[in-house]
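**Student:** I would like the atomic coordinates for the input below:
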Amino acid sequence: MTEFIQVVTTTETRKQAERIAQVVVEKRLAACAQVVGPISSTYWWKGKIETAQEWLCLMKSREDVFPRIKAAIRQIHPYEVPEIVALPIVAGSKSYLEWLGKEILHGP
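**Tutor:** Below you'll find the model as predicted:
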């Protein structure tokens, strides 16, 4: 089962992550979103290793909605190159997956 996905992004502030969570849920691009943090991120940026405190936003959605959720995140995300990745949800409780299916946008 790869119909459902978890979309992940990170932001510099809790407020930014909460704004993304609010927008994607309001638009029904995701059934739910959690904000976790702060977290410590270490990454390559412009030729050197950087370390930063960030906030993680986890959004539950469907694979066919990913282009729209990605566009919504890009529109409000402050980073030049934001992390926007989708991971398949390979298993879950039947009742939770049914709920996800009902709460996410259907159609174009």
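**Student:** in the chain, what secondary structure element scores lowest on mean pLDDT?
**Tutor:** helix 94-103 (a mean of 94; mean pLDDT, DSSP states H and E).
**Student:** which residues in the chain form helices?
**Tutor:** Secondary structure of the chain (DSSP state H): helices at 14-26, 66-76, 94-103.
**Student:** which parts of the second one are buried?
**Tutor:** Burial within helix 66-76, assessed by neighbour count using 16 or more other C-beta atoms under 10 Å, is assigned to Phe66, Arg68, Ile69, Lys70, Ala72, Ile73. For glycine as for every other residue, the C-beta is placed from the backbone atoms N, C-alpha and C.
**Student:** what of stretch 45-64?
**Tutor:** Glu54, Trp55, Leu56, Cys57, Leu58, Met59, Lys60, Ser61, Arg62.
**Student:** export it as CSV, just CAs?
**Tutor:** Output of stretch 45-64 as CSV, limited to C-alpha atoms (Å, rounded to 0.1, in the frame of the first residue of the first chain):
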residue,chain,number,x,y,z
TRP,A,45,25.2,24.2,2.3
LYS,A,46,27.1,26.2,-0.3
GLY,A,47,30.3,24.1,0.1
LYS,A,48,30.5,23.8,3.8
ILE,A,49,28.9,21.8,6.7
GLU,A,50,26.2,23.8,8.6
THR,A,51,24.4,22.9,11.8
ALA,A,52,21.1,24.6,12.7
GLN,A,53,18.2,24.3,15.0
GLU,A,54,15.0,23.5,13.0
TRP,A,55,11.4,22.5,13.4
LEU,A,56,10.1,19.4,11.7
CYS,A,57,6.6,19.3,10.1
LEU,A,58,5.1,15.9,9.3
MET,A,59,2.0,15.8,7.1
LYS,A,60,-0.1,12.7,6.3
SER,A,61,-1.5,12.8,2.7
ARG,A,62,-2.0,10.8,-0.5
GLU,A,63,0.5,10.2,-3.3
ASP,A,64,-1.7,11.8,-5.9
